[in-house]
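[1] Take a look and give me a structure for this.
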Amino acid sequence: MQTDSGAKSATGVSRAQEFFFDLNGYLVLRGAIDPAHLRAMNDILDGILALQPPLRHGEWLGGVHAHTFGGKDGINLQQIYEAGEPFERLIDHPAWFELVKHFVGAVGTFDAVHGPV
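    Predicted structure coming up:
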């Protein structure tokens, strides 16, 4: 069976995007973040990683919380949007905002029709 990968759902998401999100649980959005935005986020992260002494599990840097699950997973930075404006821009970024509404909950989704699960 051949499918039209360019066909769009009622919310504007392509059938191919729906397929790959269903298959993988995520989508790759090439070029969604421009190089200057990426550089600004990396500069902030480089500054956090250069801290001496380094952040440890349970410590805070402003509104960013350092967390680890243990082992070799490294440090996780929770509430990363508190690290600065470049991270705040990720919250409702135009490259994926409509996709989030489509897959997580908006018009036409299970939650919108039937209420919260």
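
[2] how much space between Gly62 and Met41?
    Using Cβ to Cβ, to the nearest Å, Gly62 is found at 15 Å from Met41. Every residue, glycine included, has its C-beta placed from N, CA and C.

[3] If you count surrounding residues, which of the two has more?
    Using other Cβ atoms under 10 Å as the criterion, Gly62 and Met41 rank with Met41 on top: 18 against 9.

[4] Could you check which helix or strand contains the more buried one?
    In this structure, Met41 sits in helix 35-49 according to DSSP states H and E.

[5] can you pull out the helices in this protein?
    15-24, 35-49, 85-88, 97-104, 110-114 (DSSP state H).

[6] pLDDT weak spots in the protein?
    Across the chain, the ranges flagged by pLDDT under 70 are 1-6, 8-11, 106-117.

[7] Domain parsing of it, as residue ranges.
    Listed domain ranges for the chain are 1-32+102-117, 33-92 (source: automatic domain parsing).
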